[in-house]
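Undergrad: Structure of the sequence below:
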Amino acid sequence: MLVDQDSPPRAPSAPAAGGTARSRAARGAGLLAALAVLLAVTAASIAVGAKDIPLDQVWHGLFHYAGTDDDVVVRKLRLPRTVLGLVVGAALGLAGAAMQALTRNPLADPGLLGVNAGAAAAVVTGISFFGVTSPGASVWFALAGAGAVSVLVYAIGGSRSATPVRLALAGTAVTALLQGWSSAVQLTDSVALDRMRFWQVGSLASADMATVRRIAPFLAVGAVLALAAARPLNAIALGDDTARALGARLTGTRIAVMAAITLLCGAATAACGPIVFVGLTVPHMVRGITGPDMRWTLPYAAVLSPVLLLGSDVVGRLLTRPAELQVGIVTAVVGGPVFIALVRRHRTAEL
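TA: The predicted model follows:
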């Protein structure tokens, strides 16, 4: 479902003006509060899990590692898992907020441009045709697939003459094609099916610091590009004609934002599979706090998205102890009703 591109969302002069000093102070205080919540959820992610470990042993495993069973669980399993959840959550939040601003469609999510489908298609192709078995090799295949699909979508969408509607339609069409390819390969290759089944659910369970190091450069560049595009995205929210009148470079901004979305989503999807609703729901929640100003929306989304992701991961570990529920399932169960509630609070015309 696409919004009417001729009637851009409510974004009057507030983004350009930056709000009053009081509103800026309130937003700043809210961001500090969000950081405090993120710190608490991060601590819970390290301290809580399928195995009961006393808090003093958690501290010992973090800062006085001696190789005991509890130390290994904390340092080698929970810590990498938490770090991956932090960076992936922030990436999905930034990508979701940037995607919705770029397409002027509040129902857009990071998969709309085909990035997730491209990563999945590349991974299943690597497994079935090139014998890829290691997570490290899968990361590179996923990143390559995400990048190639982003270039293809931009070309189909009209390149320099691309509009939000064309990009969204091109992404939807390419996504459908790639999902058909992935399904066909898996149905004809039981090995690919078995290996993809776990990855496609979305999980942090197999996290390690090597994976974090592989994706960190891509996430860092993507985050810088997204944050740097905040002001031009404010102008684009007012419509193309108004954005041009304000001096925004539409083509350059769209290329930069698409590159940011590709890097953020591609790296996140490569590391832990497609995780739904994080990049879709959190920007909606954030705009209820910050308003339409992307200079505040993006930082808030980068902080609150890991809260949702890590919180869901902790819930998944506790619900079925000593087993665990994958985080992609929990975010779908939690994010779906939250998103429906958010949508119901707005009139259809405002979407």
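
Undergrad: Apart from its neighbours in sequence, what residue is nearest Pro274?
TA: In this structure, Pro274 finds its nearest non-sequential neighbour in Asn116, 4.5 Å apart by Cβ to Cβ, 6 or more residues apart in numbering. For glycine as for every other residue, the C-beta is placed from the backbone atoms N, C-alpha and C.

Undergrad: what separates the one you found from Phe130, distance-wise?
TA: Computed as Cβ to Cβ, to the nearest Å, the Asn116 to Phe130 distance reads 20 Å.

Undergrad: what about these two, which has more around it?
TA: Shown here are Asn116 and Phe130; by other Cβ atoms under 10 Å, Asn116 has more neighbours (29 against 10).

Undergrad: Okay, the more buried one and Ala122: tell me how far apart.
TA: 11 Å.

Undergrad: And for Leu308?
TA: 27 Å.

Undergrad: Repeat that for Val257.
TA: Counting by Cβ to Cβ, the gap from Val257 to Ala122 is 22 Å.

Undergrad: between those two, which one's more packed in?
TA: Set Val257 next to Ala122 and count neighbours by other Cβ under 10 Å: Ala122 wins out with 27 against 23.

Undergrad: That one: what's it in contact with?
TA: Going by Cβ atoms under 8 Å, 6 or more residues apart in numbering, Ala122 touches Phe141, Ala142, Ala144, Gly145, Ala146, Ala148.

Undergrad: Now render those as CSV, adding distance to Leu55 and pLDDT.
TA: Output for the contacts of Ala122, formatted as CSV (distance: Cβ to Cβ, whole Å; pLDDT from 0 to 100):
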residue, distance to Leu55, pLDDT
Phe141, 40, 88
Ala142, 37, 85
Ala144, 43, 88
Gly145, 42, 90
Ala146, 40, 86
Ala148, 47, 90
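
Undergrad: Arg197: which of those is nearest?
TA: When these are ranked by distance to Arg197 (Cβ to Cβ), Ala142 comes first, at 16.0 Å.

Undergrad: My understanding was that that closest one contacts Ala268; is that so?
TA: No: look at Ala142 against Ala268 with Cβ atoms under 8 Å: they stay out of range, at 9.5 Å.

Undergrad: The two: who's more crowded?
TA: With neighbours defined as other Cβ under 10 Å, Ala142 and Ala268 compare such that Ala268 has more, 35 against 29.

Undergrad: what's the next secondary structure element after the helix or strand containing that one?
TA: Taking DSSP states H and E as the definition, Ala268 sits inside helix 250-272. Next in sequence after helix 250-272, counting helices and strands by DSSP H and E, comes helix 278-290.

Undergrad: can you give me the mean pLDDT across the following helix or strand past that next one?
TA: Remark: after helix 278-290, the chain's next helix or strand is helix 294-319, criterion DSSP H and E. Averaging pLDDT along helix 294-319 gives 94.

Undergrad: Now do the SS call for the residue lying farthest from the centre of the chain.
TA: Most distant residue from the mean C-alpha position of the chain: Ala66, 35.5 Å away (Cα atoms, centre = their mean). Look at Ala66: counting by DSSP: H, G, I helix; E, B strand; the rest coil, its state is coil.

Undergrad: in this structure, what spans have low per-residue confidence?
TA: For the chain, the stretches flagged by pLDDT under 70 are 1-19, 135, 159-162, 198, 339, 342-343, 345-351.

Undergrad: residues contacting the most centrally placed residue in it?
TA: Ranked by distance to the mean C-alpha position of the chain (Cα atoms, centre = their mean), the top residue is Leu92 at 1.2 Å. If you count contacts by Cβ under 8 Å, 6+ apart, Leu92 has them with Pro110, Leu264, Cys265, Ala268, Ile275, Val278, Gly279, Val282, Ser305, Leu309.

Undergrad: Buried only: go through the residues you listed for me.
TA: Pro110, Leu264, Cys265, Ala268, Ile275, Val278, Gly279, Val282, Ser305, Leu309 (16 or more other Cβ atoms under 10 Å).

Undergrad: Turn those residues into a markdown table, including distance to Gln100.
TA: Converted to a markdown table, the buried ones among the contacts of Leu92 look like this (distance: Cβ to Cβ, whole Å):
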| residue | distance to Gln100 |
| --- | --- |
| Pro110 | 10 |
| Leu264 | 14 |
| Cys265 | 13 |
| Ala268 | 17 |
| Ile275 | 17 |
| Val278 | 13 |
| Gly279 | 9 |
| Val282 | 11 |
| Ser305 | 13 |
| Leu309 | 18 |
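
Undergrad: Out of those residues, which comes closest to Leu86?
TA: Among those, Leu309 lies closest to Leu86 (Cβ to Cβ), at 8.2 Å.

Undergrad: Pretty sure the closest one sits against Val327.
TA: Yes: at 6.6 Å, Leu309 and Val327 qualify as touching, with contact defined as Cβ under 8 Å.

Undergrad: Many thanks, I have nothing further to ask.
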